[in-house]
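**Q** Sharing a model prediction with you, sequence too.
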Amino acid sequence: MSSFQPTAHLHAHNNPTASTTRKVHSTTHALSTSLESHPTHGKWWIRNYGIGPRRDVRYLTRKSSLGNRYGRVEFRTSSGLMPIGSLNFGPGASGASAAGGALIVASGPRVSLYGGTKAGATSDFNRALKAGSSAQKRRQEREDDEENEVDLFGGKTTRQQHDNDSNNNRLLDAINADRHLSTGGHMASCAAHRSDGRLIAVGTEGGALKICDAYSRATLRSFGSTKQGGGGDRKSVRSVVWMRDGKRVVAGGDDGVVRVWNVSGGGADGSGADLSLVGHGDSVRAVAVVSYRKDDYRVKKGKDKKRASTDMEDSFQTSSWSQVVVSGSYDHTIRVWEVGTNAEGVGAGDDRCLSVMNHGDPVQALLVLPPIDSYGLQKKQQTKYDNIPLLVSAGGTTLKIWNPLTGSCLGKYQTKHAKTITAMCLLDIPYDESEEEDGDSMMHRRKRQIITGGLDGLLRIHSISNQDIMLGSLPFLHGMQITDPISALALSQDMSRLAIGTTTGLVMVHQRRRTALAAAIQREAAAAAAVGKKREPRHGTYSYFMRGAHEKSHDPDDYLLMQQKKQKLAEYDVLLKKFRYSDALDKVLESRQPQVVIAVIEELGKRRGLTIALSNRDEESLESILSFTIRFIDNPQYTPYLIGVAHILCDIYGSLMGQSSVVDELISKLRAKVSSECSVQKMLLRLLGQIDYVQTTAEMQGVEER
C-alpha cells in the first residue's frame with residue numbers, strides 16, 4: 001500500500017499554478033544550496049529516462065502507456081559487491097532487441113557482457129528493459145509500495161536509511177550476463193568495444209591488456225606493460241581506448257606511461273608496444289582519442305555551398321582526418337600526443353608531446369566533444385568552436401574545457417559536487433520540437449548535455465553547447481542523488497540507454513522511451529527508402545546474394561573489412577595439387593596455349609616430376625607432346641625448356657623405334673627440325689665470325705693510320 005500523503009502535499013502536485021522551478025536540496029546541502037532544476041529539461045529527463053526523484057518520476061509518467069515509458073533495471077554482476085571499474089556500450093544493430101548495443105561491465109575478476117546482436121533475442125537484459133515487460137511491471141509495483149520519502153535528488157532521509165538498506169536487495173532485478181570474458185585471474189579495471197563491435201580490449205590490474213572476440217569470448221592477443229627500464233613491476237591498466245582505424249589500442253595505467261599497441265603484432269618497444277609515451281609523473285587515469293580534420297572546414301558561399309557539403313561528407317573516408325591521443329594523470333596534467341606517424345628519429349616521450357595542460361587537480365576523467373557541422377545554420381547560431389573538437393577534463397569537483405589542438409583553456413567550471421568527479425558522458429541528439437516547451441532551446445538545433453557522476457552519489461546534468469562555452473557558462477539543468485558512490489557512466493551510441501555503475505557493484509540502466517517523433521521519423525525514413533529503393537531481387541538469384549555489397553557509408557567510425565574472393569583454380573592446377581603430373585600435362589596441352597604449357601613444364605621441372613609426366617605414355621598421348629615440341633622447339637622463348645623435354649623423350653622412347661609408324665614419323669620430324677635449326681645456327685656463327693674479322697681489321701687499320 002502507498003504511504004499516506006498530507007492534503008497539502010497532494011495539492012502541490014495537482015496545482016497547475018505551482019512554480020515550475022524547484023529548489024534542489026541534496027544530501028550535500030552545504031555545497032548545493034540555491035541550485036535550481038531547469039523546468040523544461042528536468043521534465044524531459046524524467047519523462048524520457050526516468051532520471052530524477054522517484055516521486056516526481058511516478059507523477060510525470062503516470063499517464064504514459066506501458067508500451068511508451070522509459071525502462072529501468074538495477075542488478076549486480078556475478079562479482080557481487082566488487083566495484084564497477086568501467087562501463088561501455090558497443091555499437092547498436094538494427095532491430096529493437098539489439099537497440100543500444102551490448103553493455104560491457106568490468107568488475108572483479110571478469111568482464112560481463114549484457115545484450116548485444118548475437119544474444120539479443122534471448123537476453124535477460126534486453127527483455128527486462130523492454131517497455132511494458134513483466135520486469136518493468138514488477139519494478140513499478142515494488143516502487144509504488146515503498147513508504148520512503150525522497151527529496152528532489154531522490155535521496156533518503158536519515159531516519160529512512162536503514163529501511164532503504166534492507167529493501168535494496170529486494171529491488172534488484174535478476175539479470176544474468178549473456179557472456180563472460182576471462183581476465184586470467186586478475187581484476188578487470190577497464191574495457192572498451194571496437195567501433196565494429198567484434199573486438200573488446202580489456203585492461204587488468206595485473207598490467208595485462210587483452211584483445212578478446214566479443215562473440216566467441218576467445219582471447220586473440222595479450223599484451224603486458226612493464227615498468228620503464230625493466231624489472232617486471234607490473235602495474236594496473238586504468239584506461240583503454242581504440243584508435244580510429246581499429247587496428248591500434250591506447251592504454252594508460254599506474255606506471256604513468258601511455259602505450260599504443262598494434263592488434264596485429266608487437267612493436268619495437270621493449271614491452272611489445274608500438275609506442276611508449278613517457279612524460280607523466282603519476283598514474284594515468286584516463287586516455288582519449290581526438291579526431292580532427294587537417295583542413296579546417298569553412299562554410300562557402302554561392303555556388304560552392306553544395307560542394308562544401310559534399311566535401312564534408314566525403315572527408316570521413318579520406319586522409320584529411322587526423323588524430324591525437326590525450327591522457328590525463330594524477331600529476332594534475334593533461335598531455336596531447338602525436339601518434340599518427342612512426343618515422344625514424346622521432347622519440348617516444350616528450351618529442352611526441354604536443355602540449356601540456358594543467359588542470360589544477362588530479363585528472364580522473366576525459367571527454368571529447370566532437371565538432372558540429374555548422375553548414376546550414378544562421379550566422380548568429382554559428383560559433384568559432386563548431387568545426388573543432390573540444391576536450392572536457394574532470395579533476396576534483398571542477399570541469400575544464402580545452403582546445404586540444406592549441407592547448408588553450410576555454411573555461412573552468414565548478415559543478416558543486418561534494419566529492420571527486422569520477423565519470424562523465426555526453427548526450428548529443430537533435431531537439432524534439434514536440435517535447436520542448438521553450439523556443440530558445442531550438443536555437444541550438446541539438447541537445448548537447450554533459451552528465452557527471454561523483455563519489456558523493458550525485459548525478460548532475462549540465463548544458464554544454466558551443467553557445468554556452470562562448471558565454472563562459474555551464475548551466476545546470478537536472479540531477480539525481482543515489483545512495484552509493486558513482487564509479488562509472490556510459491551512454492549508448494544511439495543515446496537510448498544510460499548506464500550507471502557504483503563502488504558497491506550496483507549497475508543501473510535507464511532506457512529512453514520511444515517517443516512519437518522517433519516513431520514518425522522511422523516511418524518517414526522507411527517510406528522514403530521504399531520509394532527510392534530498387535525492386536527487391538528475387539530470392540536465390542545472384543543479385544539477391546550480392547545485395548548491399550556496394551553500399552557506401554559516411555560514418556567516420558565505420559571499419560571496412562576487405563574480403564578477397566577465393567580464386568578458382570584451373571583443372572591442371574587442381575591435378576598438380578593432387579600430384580597427378582601426367583594428367584596435368586595432358587590437360588594443359590588441350591588448352592593450346594603455349595605460355596601456359598611451358599609454365600606447367602617449368603613447374604614440373606621444379607618438382608622433379610617431368611620424367612614422371614612423360615613416362616608410360618601410349619601412342620595417342622605421346623603424339624600430343626611430340627607435336628608441341630616439334631612446333632615450338634625453334635622458338636627462342638621456349639627452346640631452353642623444350643630441349644630438356646626432347647632429351648627425356650629420346651631417352652625413354654628411343655629404344656621403341658619401329659613399333660609405331662606415327663611415333664617414328666614424329667621423331668623423324670623432330671630430328672629434321674633440330675638438324676635444320678643446328679644448320680641455321682652454324683651459318684649464323686660463321687656470319688658472326690666474318691663480321692668480327694671485318695671489325696677487327698678495320699680497327700687495326702685505323703690504329704696504323706694514326
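**A** Perfect, thanks for sending it.
**Q** Break down the stretch 151-300 of the chain into its strands, ranges please.
**A** 179-182, 188-193, 199-204, 208-213, 219-224, 237-242, 248-253, 257-262, 275-278, 284-293 (DSSP state E, counting those that start in this stretch).
**Q** What pairs with the third one, parallel or antiparallel?
**A** In the sheet containing strand 199-204, the strands it pairs with under DSSP bridges are strand 188-193 (antiparallel), strand 208-213 (antiparallel).
**Q** cool, the first one as well?
**A** Each strand paired with strand 179-182, and its direction, by DSSP bridges: strand 110-114 (antiparallel).
**Q** Likewise for the longest one?
**A** Looking at strand 284-293 with DSSP bridges, its partner strands are strand 321-329 (antiparallel).
**Q** Past the partner strand, which element shows up next along the chain?
**A** For strand 321-329, the succeeding helix or strand toward the C-terminus, using DSSP states H and E, is strand 333-338.
**Q** which residues are in contact with that next one?
**A** 258, 277, 279-281, 290, 324-329, 352-359, 363, 366, 391, 393, 402, 404, 407 (CB atoms under 8 Å, 6 or more residues apart in numbering). Using the backbone N, CA and C atoms, a C-beta is placed for each residue, glycine as well.
**Q** how near is residue 611 to residue 697?
**A** 50 Å (CB to CB, to the nearest Å).
**Q** can you check residue 470 too?
**A** 95 Å.
**Q** Just want to know which of these two has more residues nearby.
**A** residue 470 (13 against 10; other CB atoms under 10 Å).
**Q** check contacts around the residue nearest to that one when sequence neighbours are not counted.
**A** The spatial neighbour of residue 470 that comes closest, neighbours along the chain excluded (CB to CB, 6 or more residues apart in numbering), is residue 383 at 5.2 Å. Counting by CB under 8 Å, 6+ apart, residue 383 makes contact with 374, 466-467, 469-470.
**Q** Which per-residue confidence value corresponds to residue 382?
**A** If you check residue 382, the pLDDT there is 71.
**Q** re earlier: name the SS class of the residue nearest to residue 470, please.
**A** Secondary structure state of residue 383, per DSSP: H, G, I helix; E, B strand; the rest coil, is coil.
**Q** rewinding a little: and the contacts of residue 383, which two are furthest apart?
**A** 374 and 469 (14.1 Å; CB to CB).
**Q** Make a ChimeraX selection of whichever of the contacts of strand 333-338 turn out to be buried.
**A** To isolate the buried members of the contacts of strand 333-338 in ChimeraX, using 16 or more other CB atoms under 10 Å:
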select :258,277,279,280,290,324,325,326,327,328,329,352,353,355,357,359,363,366,391,393,402,404
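**Q** Show me the residue sitting in the middle of the protein in space.
**A** residue 195 (1.7 Å; CA atoms, centre = their mean).
**Q** wait, that one sits on residue 246?
**A** Yes. Between residue 195 and residue 246 there is a contact under CB atoms under 8 Å: 5.8 Å.
**Q** picking up where we left off before, out of the strands of the stretch 151-300 of the chain, flag the one nearest residue 576.
**A** Of all those, strand 219-224 comes closest under CB to CB, at 34.9 Å.
**Q** For residue 182, which residues are in contact?
**A** Residue 182 sits in contact with 110, 217, 219, where contact means CB under 8 Å, 6+ apart.
**Q** Let me know the pLDDT of the second one.
**A** Spelled out, it's residue 217. 85.
**Q** Is it in contact with residue 183, as I believe?
**A** No. Applying CB under 8 Å, one finds residue 217 not in contact with residue 183, separated by 11.6 Å.
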